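Asks: structure, please.
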Amino acid sequence: MQVKDTNLNYALNVVCRWAVGLVFLFSAFVKGVDPMGTTYKVQEYMTSWELFGSNFEWALPFAGVLSVALICAEFLVGVMLVTNSFRLLSAWMLVLLMAFFTVTTLIDAVTNKVSDCGCFGDAVKLTNWQTFWKNVALDVPTVWIFLTRWLRYRYRFERNGIIFLAALALMLVFCIYNIKNEPLIDFRPWKEGNKMIVEREAMNHMTFRHKTTGEEVTVDYPNGGWDQVPEKYKDFDVWEITGSTSDEPFEVKADGFSMMDLEGEDRATDLLPAEDGMVVVTIHSLDKVDAKGVAEVKQALAQAEEDGTKIVILTSALPEEVQAWLYDNDISGLDYLFADATAIKAMMRGNPGFLYIKDATVVKKTRKAKDLEN
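Replies: Numbers count the residues shown, from 1 in each chain. Here you go, the predicted model:
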């Protein structure tokens, strides 16, 4: 299809390039600020998706490289579109990426094997269907950009090459920095300054059973709100109470988070409000803690003992694995609690990582124990 070279057609090309380019730049930035989060998402796809009855677990070691490559590709496309450089290359890269994204998100929407594609990292959360229709909307200007890629094309290799290499170097450095450190901008719930415990109205749930018919009814009412229970259920000659439960008056502002002890009790709402402060050592993969990480844990323990601060390990490992690890590394005096690996990764990307929490507020997040010193 040959598109005529008119001012209107070229103007539409410019508008489409800027619109799609800015979306790609934003997407690349929010993923580049947390490449580890993108890596975890790639790993989730590798373990959830199957082809001919086999998943892609064999590719897990390459997830980090693939995530950085994807981030850089998105960033380069965005830069080329906005700066009108390498027009032919950018058009082809855009079409291929959008075809891949559209098909991927359609499968996600239909199967829901991966609940969140992570297209905008942790900055913007969309449902699978919202993500798919977002891609469909982007497909429209993408097609126009591709069809008009030759309009008023100028070959400026040196200028375009400098822009391309500078953009690639910039995003690579940005990704590497955020891999070696916690994300420069934290879009997760556990960001410094966030209060992680909120008080809510505690509700009681009481079940009544009719003594004659066997009918069961559950009535919800707030603490101290017995007067809100319908009077007919208070006639205990007719109704009997068969059970009751109460909500916790506090909840953690992070989905799926818990701090389970050896007895299976969630201690999160007890421990996080610590008025004297508490250090949480996060270890989502115990077997991946190297010698440097062990030294950091020991330093954090020594510093906490000196300051009189409570310190606990939060890990996804089994109790016997934690005990063996502590013994093998000559670490004592550390309590340990358990949480899901995904919830721990949402707290800290470092393995280990260190959070100083006081009055349920995240005061400090770091991968270096010395940063915890008062």
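
Asks: CA only for contacts and neighbour counts going forward, please
Replies: OK.

Asks: Ile311 is in contact with Leu301, correct?
Replies: Yes - if you go by Cα atoms under 8 Å, Leu301 and Ile311 touch, sitting 6.9 Å apart.

Asks: find residues that contact each of the two.
Replies: Leu334 (Cα atoms under 8 Å, 6 or more residues apart in numbering).

Asks: OK, contacts around His284?
Replies: 314-317, 341-342, 344-345, 351-352.

Asks: quick one: it and Gly353, what's the gap?
Replies: 9 Å (Cα to Cα, to the nearest Å).

Asks: and what of Ala317?
Replies: 15 Å.

Asks: so for these two, which sits in the more crowded spot?
Replies: For Ala317 versus Gly353, the count of surrounding residues by other Cα atoms under 10 Å is larger for Gly353: 26 against 19.

Asks: pretty sure the more buried one sits against Thr282.
Replies: Yes - assessed by Cα under 8 Å, Gly353 is found in contact with Thr282 at 5.0 Å.

Asks: okay, stretch 41-56 in CSV with CA atoms only?
Replies: Extracted C-alpha coordinates of stretch 41-56, given in CSV (Å, rounded to 0.1, in the frame of the first residue of the first chain):
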residue,chain,number,x,y,z
LYS,A,41,7.8,-11.3,35.6
VAL,A,42,9.8,-12.9,32.7
GLN,A,43,10.4,-15.9,35.0
GLU,A,44,6.7,-16.1,35.8
TYR,A,45,6.0,-16.3,32.1
MET,A,46,8.6,-19.0,31.6
THR,A,47,7.1,-21.2,34.3
SER,A,48,3.4,-20.5,33.5
TRP,A,49,3.4,-20.8,29.8
GLU,A,50,3.6,-24.0,27.9
LEU,A,51,4.3,-25.0,24.3
PHE,A,52,3.7,-28.5,23.1
GLY,A,53,3.2,-29.6,26.7
SER,A,54,6.5,-28.1,27.9
ASN,A,55,7.2,-24.9,29.7
PHE,A,56,10.3,-22.7,29.5
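
Asks: Ser244 in helix, strand or coil?
Replies: Counting by DSSP: H, G, I helix; E, B strand; the rest coil, the backbone at Ser244 sits in strand.

Asks: which strand residues sit across from the nearest residue to it once chain neighbours are set aside in the sheet?
Replies: Of all residues not flanking Ser244 in the chain, Met206 sits nearest, at 4.2 Å (Cα to Cα, 6 or more residues apart in numbering). Legend: beta-bridge partners of Met206 under DSSP bridges are Val219, Ser244.

Asks: Met206: what's it in contact with?
Replies: 218-220, 241-245.

Asks: narrow the residues you listed to those that are buried.
Replies: 220, 241 (16 or more other Cα atoms under 10 Å).

Asks: nearest to Ser85 among the contacts of Met206?
Replies: Asp220 (62.7 Å; Cα to Cα).

Asks: could you dump stretch 25-36 to PDB, C-alpha only?
Replies: The C-alpha trace of stretch 25-36 is given here as PDB (Å, rounded to 0.1, in the frame of the first residue of the first chain):
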ATOM      1  CA  LEU A  25       9.600   5.600  26.800                       C
ATOM      2  CA  PHE A  26       7.300   5.600  29.900                       C
ATOM      3  CA  SER A  27       7.000   1.800  29.700                       C
ATOM      4  CA  ALA A  28      10.800   1.300  29.400                       C
ATOM      5  CA  PHE A  29      11.500   3.800  32.200                       C
ATOM      6  CA  VAL A  30       9.200   2.200  34.800                       C
ATOM      7  CA  LYS A  31      10.600  -1.200  33.900                       C
ATOM      8  CA  GLY A  32      14.200   0.000  33.800                       C
ATOM      9  CA  VAL A  33      13.900   1.600  37.200                       C
ATOM     10  CA  ASP A  34      13.300  -2.000  38.500                       C
ATOM     11  CA  PRO A  35      14.900  -4.500  36.200                       C
ATOM     12  CA  MET A  36      14.700  -7.200  38.900                       C
END
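
Asks: what residues does that stretch touch?
Replies: 37-38, 64, 67-68, 71-72, 74-75, 78-79, 119-123, 171, 174-175, 178-179, 182-185, 349.

Asks: could you do stretch 325-345 as well?
Replies: So stretch 325-345 is contacted by 255-262, 282-286, 294, 298, 301, 311-317, 322 (Cα under 8 Å, 6+ apart).
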